[in-house]
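A.B. asks: following is a predicted model, sequence given first.
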Amino acid sequence: MAKAITSRSEDYSQWYNDIVRKAGMADYSAVRGCMVIKPHGFAIWENMQKQLDSMFKDTGHVNAYFPLFIPKSFLSKEAQHVDGFAKECAVVTHHRLMNAPDGSGVIVDPDAKLEEELIVRPTSETIIWNTYKDWIQSYRDLPLLINQWANVVRWELRTRLFLRTAEFLWQEGHTAHATRQEALDETRLILDIYATFAEEYMAMPVIKGVKTANERFAGADDTYCIEALMQDGKALQAGTSHFLGQNFARAFDVTFLNKENQQELVWATSWGVSTRLVGGLIMTHSDDDGLVLPPKLAPTQVVIVPIPKPSPEINDAVEALMKNLRSLGVSVKYDNDETKRPGFKFAEHEMQGVPVRVGVGMRDLEKGQVEIARRDTKEKVFVPKDGAGDYIVKLLDEIQENLLQRAKDYRTENTRNADSMEEMTSILDGPGGFVSAHWDGTSETELAIKEQTKATIRCIPLDGPVETGSCILTGNPSSQRVLFARAY
RNA sequence: CGGGGUGUGGCGCAGCCCGGUAGCGCGCUACGUUCGGGACGUAGAGGCCGGAGGUUCAAAUCCUCUCACCCCGACCA
């Protein structure tokens, strides 16, 4: 067991790091807080991108690209916005290097100082709204439904592979609308897309909700989010969709002439998901043997291992099966590396989370069968060779379904009501998970609870039952339970 | 930014207390034997011990300074 990983029960965050590195997802880089995304990790991200991109396009959005650099002055135009991001910005101050006079290497050329510093975008609202100002004159120019796939930089103090890196990849949608209602509808439309994607593709159940004022995006009137629960009982914000009101339109003076020939401020939304989703995917499904991937996002859905090694008969059988699987839309790889033995390959593919493994050996072929193993349950069955393709297609669906169900069950078991601070504390210090509790709606109370428990309000669930009660801290009236958790 | 830790072949580590010129496991290369759950043998390749000073006949080891990264917090997608 050369590649044994730390078990979840022993040290959850070490387990997570082991998975990321030993499954070949990412590595630490020479730059603090920045990771190298390796081919296996990037392939998963590409599959996420592909699916999300088509969902955005199906709902009328188009892609564009805005600059990496933002003039410093732009950032300060929206007061809330700059407050939210100022502390974590990378700043470009010069544009040239020169040889050090003492020959010790290169130094920044002091004569190449920029007149105005450039900020490496932490998010693109400002540069985009500065551009929208020129693009929007009339109600006929609206709505403007634009998305960009990009990298952003936030100089985080504490980073974690995929979950929080100083540079990360994401998509950010920025839309402009003629009416408040239209912008609100857009915010919710995207939230639904995110939730659908999380559940149907990532097999990661999420709670849709609204953030409290404390947790709101800097510059938004409302922040909607999807919240997922990880295996260690901590919550992960998996995506956000912001209703920006007219804040950025006001800051960047973006107005349009309506049908009545009156100038109005434009309404805005912005929304994003990032490579953090890859971290969420890992922490939702994987186990002590490595990565577990939902078939819909797995770079390779089926791997075929010759047992014990390739031979003409085995190759022929594999060839036929691969052709069959490909015609059924399944991605399949033949691991015919003769220098590695089957056991090694099994362990390796389990580590990398390939959903289905097919073992093809003479002993089975003589019986007209192949061995099929599923990654999620580790079960193995023998299936007639000729029906293997159809069997696998069904099995992939079943795995996808099972992963979602398993994650849902876990979340259900780990979502508890608390009606007092004592109950809440004992849940959080015990099993963890989501705690559903009454809250009086004030920021002071929320912060006081955070102070005592380290838990934050993850969201006010959109489809939670309406139930009146009294705040677990102050006893003041509450109209709905909200979801607390310790979070990543 | 506070607290903790670590820097030694590609990876994981030992050696440091008590200075004497670097070792183990995995991986890598070659050959042979193996081959239905991470094979074995033999022979090899590969490291100026994070960096800079200092002490000493002699420094991975002692002293000073420094840099980097990781983990736990606070901040955040």
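C.D. replies: Sure, I can see it.
A.B. asks: what pLDDT does the closest residue to residue A:289 other than its chain neighbours get?
C.D. replies: Nearest residue to residue A:289 in three dimensions, chain neighbours excluded: residue A:350, at 5.0 Å (CB to CB, 6 or more residues apart in numbering). (Each C-beta comes from the backbone N, C-alpha and C, glycine too.) At residue A:350, the pLDDT value in this model is 94.
A.B. asks: could you pull out the buried residues of stretch A:390-409?
C.D. replies: Within stretch A:390-409, the residues that count as buried by 16 or more other CB atoms under 10 Å are A:391-393, A:395-396, A:399-400, A:402-404, A:406-407.
A.B. asks: wait, which of those is closest to residue A:72?
C.D. replies: In terms of CB to CB, no member of the buried residues of stretch A:390-409 lies closer to residue A:72 than residue A:407, at 43.2 Å.
A.B. asks: and the nearest residue to residue A:396 once chain neighbours are set aside, helix, strand or coil?
C.D. replies: Spatial nearest neighbour of residue A:396, excluding adjacent residues (CB to CB, 6+ apart): residue A:295 at 4.1 Å. The local conformation at residue A:295, judged by DSSP: H, G, I helix; E, B strand; the rest coil, is coil.
A.B. asks: what about residue A:295, neighbour count?
C.D. replies: 27 (other CB atoms under 10 Å).
A.B. asks: again, but for residue A:325
C.D. replies: Neighbours around residue A:325, by other CB under 10 Å: 23.
A.B. asks: so it touches residue A:300, yeah?
C.D. replies: No: using CB atoms under 8 Å, residue A:325 makes no contact with residue A:300, being 11.1 Å away.
A.B. asks: which residues do the two both contact?
C.D. replies: residue A:332 (CB atoms under 8 Å, 6 or more residues apart in numbering).
A.B. asks: near RNA strand B, which residues of the stretch 151-300 of chain A?
C.D. replies: A:154, A:156-161, A:163-166, A:168, A:215, A:217, A:237, A:240, A:272, A:274-276, A:289 (CB under 7 Å from any atom of the strand).
A.B. asks: looking at this, residue A:227 is in a helix?
C.D. replies: No: assigned with three-state DSSP, residue A:227 falls outside any helix and is strand.
A.B. asks: roughly how far apart are it and residue A:170?
C.D. replies: Using CB to CB, to the nearest Å, residue A:227 is found at 18 Å from residue A:170.
A.B. asks: element containing the nearest residue to residue A:367 once chain neighbours are set aside?
C.D. replies: Among residues not flanking residue A:367 along the chain, residue A:382 sits closest, at 7.8 Å (CB to CB, 6+ apart). Assigned by DSSP states H and E, residue A:382 belongs to strand A:380-384.
A.B. asks: repeat for residue A:345
C.D. replies: In the assignment (DSSP H and E), residue A:345 maps to helix A:342-352.
A.B. asks: who are the packing partners of that helix?
C.D. replies: Packing partners of helix A:342-352 (3 or more CB pairs under 8 Å, 6 or more residues apart in numbering; DSSP states H and E): strand A:302-307, strand A:356-361.
A.B. asks: buried residues in it, which are they?
C.D. replies: For helix A:342-352, the neighbour count (16+ other CB under 10 Å) marks A:345-352 as buried.
A.B. asks: next: stretch A:271-284.
C.D. replies: For stretch A:271-284, the neighbour count (16+ other CB under 10 Å) marks A:271-284 as buried.
A.B. asks: enumerate every residue touching residue A:279.
C.D. replies: A:16, A:20, A:160-163, A:236, A:488.
A.B. asks: so of those residues, which ones are in helices?
C.D. replies: With helices defined by DSSP state H, the entries of the contacts of residue A:279 inside them are A:16, A:20.
A.B. asks: show me the two of the contacts of residue A:279 that sit farthest apart.
C.D. replies: Most distant of the contacts of residue A:279, by CB to CB, are A:20 and A:236, 14.8 Å apart.
A.B. asks: neighbours of the residue of the stretch 1-150 of chain A found nearest RNA strand B, how many?
C.D. replies: Nearest to RNA strand B, among the residues of the stretch 1-150 of chain A, is residue A:32, at 2.3 Å (CB to the nearest atom of the strand). Neighbours of residue A:32 under the rule other CB under 10 Å: 10.
A.B. asks: kindly report the same for residue A:110.
C.D. replies: As a burial measure, residue A:110 scores 9 neighbours (other CB under 10 Å).
A.B. asks: what sits closest to it if chain neighbours are left out?
C.D. replies: Counting by CB to CB, 6+ apart, the residue nearest residue A:110 is residue A:94, at 7.9 Å.
A.B. asks: now do the one you found: how many residues are near it, please.
C.D. replies: The number of residues near residue A:94, taken as other CB under 10 Å, comes to 13.
A.B. asks: OK, contacts around it?
C.D. replies: Taking CB under 8 Å, 6+ apart, we find residue A:94 in contact with A:108-110, A:112-114.
A.B. asks: 7 Å instead, please
C.D. replies: Residues near residue A:94 by CB atoms under 7 Å, 6 or more residues apart in numbering: A:108-109, A:112-114.
A.B. asks: following element in sequence after the strand holding residue A:382, please.
C.D. replies: Counting by DSSP H and E, the next helix or strand C-terminal to strand A:380-384 is helix A:388-413.
A.B. asks: now that following helix: average pLDDT?
C.D. replies: 97.
A.B. asks: is residue A:417 bridged to anything, and to what?
C.D. replies: residue A:436 (DSSP bridges).
A.B. asks: could I get the pLDDT score of it?
C.D. replies: At residue A:417, the model reports a pLDDT of 95.
A.B. asks: what about the helices in the stretch 201-350 of chain A?
C.D. replies: Here the stretch 201-350 of chain A has its helices, by DSSP state H, counting those that start in this stretch, at A:247-251, A:276-285, A:312-327, A:342-352.
A.B. asks: of the ones you listed, which approaches residue A:462 most closely?
C.D. replies: The nearest among those, by CB to CB, is helix A:276-285 at 19.7 Å.
A.B. asks: give the rounded mean pLDDT of that closest one.
C.D. replies: 95.
A.B. asks: so who does the residue most central in space within chain A touch?
C.D. replies: In chain A, the residue lying closest to the centroid (CA atoms, centre = their mean) is residue A:277, at 1.9 Å. By CB under 7 Å, 6+ apart, the contact set of residue A:277 is A:48, A:202, A:238.
A.B. asks: can you verify my assumption that the first one contacts residue A:299?
C.D. replies: No: shown here, residue A:48 and residue A:299 do not form a contact pair, counting by CB atoms under 7 Å, at 11.1 Å.
A.B. asks: more neighbours, the two?
C.D. replies: residue A:48 (22 against 19).
A.B. asks: helix or strand next in line after the helix or strand that one falls within, which one?
C.D. replies: Per DSSP H and E: residue A:48 is located in helix A:39-58. Per DSSP H and E, the first helix or strand lying C-terminal to helix A:39-58 is strand A:62-63.
A.B. asks: just checking, what packs against that following strand?
C.D. replies: If you count contacts as 3 or more CB pairs under 7 Å, 6 or more residues apart in numbering; DSSP states H and E, strand A:62-63 packs onto strand A:144-153.
A.B. asks: so what's the gap between the next helix or strand after the strand it packs on and the chain middle?
C.D. replies: On the C-terminal side of strand A:144-153, the nearest following helix or strand under DSSP H and E is strand A:167-177. Centroid separation between strand A:167-177 and its chain, computed with CA atoms, centre = their mean, to the nearest Å, is 13 Å.
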